[in-house]
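Undergrad: Compute the structure for the input listed below.
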Amino acid sequence: MSDLFAADPSETDRARPLADQLRPKTLDEVIGQTHLLGEGGTLRRMLSSGRLGSLILWGPPGTGKTTVARLLADQIDFSFVQISAIFSGVAELKKVFEKARFERLSGHRTLLFVDEIHRFNRAQQDSFLPVMEDGTVTLIGATTENPSFELNAALLSRSQVLRFESLNLEDLAKLLDRAETLLGDKLPLTDEARSTLLTLADGDGRALLGLVEEVLASASPDEVLDANSLLTVVQRRAPIYDKAQDGHYNLISALHKTIRGSDPDAALYYFARMLDAGEDPLFLARRLIRMASEDIGLADPQALNLAVAARDAYQMLGSPEGELSLAQVVVYLALAPKSNAVYTAYKAAVSLAKSTGSPMPPMVILNAPTKLMKGEGYGGGYIYDHDTPDAFSGQEYFPEKLGRQKFYQPVERGFERDLKKRVDYFERLRAAKREAED
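TA: As a prediction, this is how the structure comes out:
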């Protein structure tokens, strides 16, 4: 292994990051994104047609968005201009557009690559529209955030969104092989440590090459690192997760749907991922309380009580002990019988309430605190249910304008099976009362 550490590259190469040294020279050298660059891929078809429109490249960091944009410019012989939305403002954009117009008059086309395009505000995004429409620039924007939420509809309508995927382990292994070929030797890692290194990269090719540089900088000559030693050397790379952005919403959606889908193992996995990434446990506790009402409801009335209790337990115990109470509820909710009958009934009731104005409730169920109101018929003829044989009067409680409505329809699962029997029982009593009155 000593050759790896004894290598004496030029000062220029030594100053260049490994990711820059390994940057692909052609599209064929790009690792991953076969759905775009492979045979029949979207970008291959565009290039074959000789026409390249404006694009939004959406995907995680380190998946090749900048590299692909640069290579596309080379492929179609466009001038390549790169700016970052983090460091650029309106003044710089105007200069870029003016230069592109001048280049166009000289017969040269410009491919403008905008990194982190979602960082531009709405007005700045709108400034691209005229130069896109008149062909002054072909825009390629790169973003790690969901374009649907972060980019103007007008900009999206003039661009094609291409999704870049995280590199899989096979892709990362190819990239590692390529790095070792450049370095002239294998990294001093056991097979297990090598697998760990690929996992730590978390689908990010640039991060993998950064980890390789950490190994080279920290490991001693002739030392072969096992998995534990590797973790000590490189410490640990934080998972890709922004609590205010797309990764946050993707994982909470996954947690909610796995609980709804009665898969406790998958639910625990996404719960653990969010905690590991630094999510606030109380945010998760609030979402579990919501799930208990939205997806389980009265099929298991204990679910809500346990979710609230788990939140209280976390607030009492703190971290890390309190997380176990939340994990307990994750499993309980996943295995509980499911019903959204109350959730559906509530939405239907809200919809009707908003669309029907303010019809008066039946006079029979209104209180009459004054003689005048009593004289107007308030409360007249009200039957006290407890005075009836079945403690059920069968009176009509909906406004006469609306007539009787049906919102709650319990399912044949869990405790709601018993509630359905009660609903049906009262329906029979109500029907019998109407028949007797007729």
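Undergrad: if I look at V330, how far off is V114?
TA: 41 Å (Cβ to Cβ, to the nearest Å). The way it works is simple: take the backbone N, C-alpha and C, and place the C-beta from them, glycine included.
Undergrad: now swap in I83 and tell me
TA: 6 Å.
Undergrad: list the helices and strands whatever helix or strand A217 lives in packs on?
TA: Per DSSP states H and E, A217 falls inside helix 205-218. Counting contacts by 3 or more Cβ pairs under 8 Å, 6 or more residues apart in numbering; DSSP states H and E, helix 205-218 is packed against helix 18-21, helix 169-183, helix 191-200, helix 227-234.
Undergrad: Could I get the buried residue list for that helix?
TA: Under the neighbour-count criterion of 16 or more other Cβ atoms under 10 Å, helix 205-218 has 205-212, 214-216 buried.
Undergrad: what do you get for stretch 124-142?
TA: Quick answer for stretch 124-142 (16+ other Cβ under 10 Å): 124-125, 128, 131-132, 136-142.
Undergrad: Let's see which of those residues end up in strands.
TA: Taking DSSP state E as the definition of strands, the buried residues of stretch 124-142 contribute 137-142.
Undergrad: from these, which is closest to Y408?
TA: Set against Y408, the nearest of these by Cβ to Cβ is G141 (48.4 Å).
Undergrad: Report the beta-bridge partners for that closest one.
TA: With DSSP bridges as the criterion, G141 is bridged to I56, V114.
Undergrad: how close does it sit to V329?
TA: In this view, G141 and V329 are 42 Å apart by Cβ to Cβ.
Undergrad: Tell me which two in the buried residues of stretch 124-142 are the farthest apart.
TA: Across the buried residues of stretch 124-142 (Cβ to Cβ), the longest gap, 19.8 Å, separates T136 and A142.
Undergrad: So which residues of the stretch 1-150 of the chain form strands?
TA: In the stretch 1-150 of the chain, the strands defined using DSSP state E, counting those that start in this stretch lie at 55-58, 79-84, 110-115, 137-143.
Undergrad: follow-up on the earlier one: with pLDDT as new columns, can the ones in strands among the buried residues of stretch 124-142 be given to me in TSV?
TA: Shown next, in TSV, are these (pLDDT from 0 to 100):
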residue	pLDDT
V137	93
T138	93
L139	95
I140	95
G141	95
A142	94
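Undergrad: How far away from the center of its chain is the biggest helix by length in the chain?
TA: Across the chain, the longest stretch assigned as helix under DSSP state H is helix 416-437. Remark: helix 416-437 is offset 45 Å from the chain centroid, using Cα atoms, centre = their mean, to the nearest Å.
Undergrad: Can you give me the buried ones in stretch 370-384?
TA: So, applying 16+ other Cβ under 10 Å, buried residues of stretch 370-384: 378, 382.
Undergrad: average pLDDT for that stretch?
TA: Confidence for stretch 370-384, expressed as mean pLDDT, is 85.
Undergrad: now stretch 197-207
TA: pLDDT averaged over stretch 197-207 gives 89.
Undergrad: returning to what we had before: restrict the helix holding A217 to CA atoms and write it as CSV.
TA: The C-alpha trace of helix 205-218 is given here as CSV (Å, rounded to 0.1, in the frame of the first residue of the first chain):
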residue,chain,number,x,y,z
GLY,A,205,-20.1,11.0,-5.8
ARG,A,206,-18.4,14.2,-4.8
ALA,A,207,-18.7,13.2,-1.1
LEU,A,208,-17.2,9.8,-1.9
LEU,A,209,-14.1,11.4,-3.4
GLY,A,210,-13.9,13.7,-0.4
LEU,A,211,-13.9,10.7,1.9
VAL,A,212,-11.1,9.2,-0.2
GLU,A,213,-9.0,12.3,0.3
GLU,A,214,-9.7,12.1,4.1
VAL,A,215,-8.5,8.5,4.1
LEU,A,216,-5.3,9.5,2.2
ALA,A,217,-4.7,12.5,4.5
SER,A,218,-5.3,10.6,7.8
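Undergrad: now it against helix 169-183, angle please.
TA: Helix 205-218 runs at 50 degrees relative to helix 169-183, counting by axes from the mean of the first three to the mean of the last three Cα atoms, to 10 degrees.
Undergrad: Give me the contacts around helix 205-218.
TA: Contacts with helix 205-218, where a contact means Cβ atoms under 8 Å, 6 or more residues apart in numbering, come from 4-5, 17-19, 22, 31-32, 61-64, 167, 171-172, 175-176, 179, 183, 187-189, 197-198, 200-201, 225, 230, 233-234, 237.
Undergrad: returning to what we had before: which single one of the buried residues of stretch 124-142 is nearest to F426?
TA: Nearest to F426 out of those is Q125 (Cβ to Cβ; 57.5 Å).
Undergrad: Pull up the gap between the closest one and T110, please.
TA: Noted for Q125: a distance of 18 Å to T110, by Cβ to Cβ.
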